[in-house]
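Student: predicted model, plus sequence, below.
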Amino acid sequence: MAEKDPVARKNSGLPAQGKVSGEIAAFVKKVGAMARPNAAQDGRLLFALDATMSRQPTWDLACSLQSEMFRAIPKPSALQVQLLYFRGLGECRSSKWVIDGDALAKLMTGIACQGGHTQISKVFAHARTEHAKRRINAVVYVGDAIEENVDDLSETAGQLGLLGLPMFIFQEGRDARVEAAFRDFARLTKGAYARFDASAPQELAALLKAVAAYASGGKDLLKLQASGQAQALLAQLPR
């Protein structure tokens, strides 16, 4: 059977503010319905990024939001985070697992976007390998395109879902085919989808903080956040 055409790279603009807010509310509700992680151990969050050239305009924003995630986790609670990115001709690299958000932020600022095709399959494979070593509570992925076989990626996403590894997928841009695929990956992994909108950085920062707090310790840490996104997430969690 011939391979289906990959999802093409396309940027048709950003959604209106009202639509973004509605999508974030739905995202928060979906996250809130998930089971809380085991707070007896440090939470682990894999933060994966498409660092190909089309992401360059928002790369600084992504770095800033990532830094905000760690500032949301109160001490002495610990969230182990690993940064994974792909770019160029087959380059896909990961950092060590760290609890120092400033160190990861510094690492991100040293990464330059390079032209190349997407490598989402490597993100999925890496997540599965790391999850087998020790449970990962959540995976955040930010990207704008797919240039791989979507059916193959969906099959792998389903396998991650069976392993209990939820993915929180943020799409930059409004390519409808990319959105359909990303939503399916989130559904198959029992995670959630939202749009990455450079015009609404505060909403995205609050949402990423909520996901980070969820991965770190579940409901108890969300209580310490004052944002509307965090409180909406808290309201959806089992009492």
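Tutor: Yep, it's here. Being a predicted model, the structure only gives us computed values, none of them experimental. Numbers count the residues shown, from 1 in each chain.
Student: state the mean pLDDT of stretch 202-222.
Tutor: Computed over stretch 202-222, the mean pLDDT rounds to 67.
Student: also stretch 177-188?
Tutor: Stretch 177-188 shows an average pLDDT of 94 in the prediction.
Student: with stretch 138-158 instead?
Tutor: Per-residue pLDDT over stretch 138-158 has a mean of 95.
Student: begin at 9 from now on, thanks
Tutor: Okay, residue one is now 9; in that scheme the one you just asked about reads as stretch 146-166.
Student: list the buried residues in that stretch.
Tutor: 146-154, 156, 158, 161, 164-165 (16 or more other C-beta atoms under 10 Å). Any C-beta I mention is one placed from the backbone N, CA and C, and that applies to glycine too.
Student: same check on stretch 106-119?
Tutor: Neighbour-count burial for stretch 106-119 flags 106-107, 109, 112-113, 115-116, 119 (criterion: 16+ other C-beta under 10 Å).
Student: dump those to JSON lines, plus secondary structure.
Tutor: Conversion of the buried residues of stretch 106-119 to JSON lines gives the following (DSSP: H, G, I helix; E, B strand; the rest coil):
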{"residue": "106", "secondary structure": "strand"}
{"residue": "107", "secondary structure": "coil"}
{"residue": "109", "secondary structure": "helix"}
{"residue": "112", "secondary structure": "helix"}
{"residue": "113", "secondary structure": "helix"}
{"residue": "115", "secondary structure": "helix"}
{"residue": "116", "secondary structure": "helix"}
{"residue": "119", "secondary structure": "coil"}
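Student: for those, which one is nearest residue 97?
Tutor: Within the set of these, residue 119 lies nearest residue 97; the separation is 15.7 Å, counting by C-beta to C-beta.
Student: the closest one against residue 93, yeah?
Tutor: Yes: taking contact to mean C-beta atoms under 8 Å, the distance of 6.2 Å between residue 119 and residue 93 places them in contact.
Student: which neighbours do those two have in common?
Tutor: residue 59 (C-beta atoms under 8 Å, 6 or more residues apart in numbering).
Student: residue boundaries of the strands in this structure?
Tutor: Using DSSP state E, the strands found in the chain span residues 51-58, 87-95, 99-102, 146-151, 175-180, 200-204.
Student: so which of those strands is nearest residue 65?
Tutor: When the strands of the chain are compared for distance to residue 65 using C-beta to C-beta, the nearest one is strand 175-180, at 9.1 Å.
Student: quick check: the residue nearest to residue 142 when sequence neighbours are not counted vs residue 135, distance?
Tutor: With C-beta to C-beta, 6 or more residues apart in numbering as the criterion, residue 142 has its nearest non-adjacent residue at 6.8 Å, and that residue is residue 52. In this structure, residue 52 lies at 11 Å from residue 135, with C-beta to C-beta, to the nearest Å as the measure.
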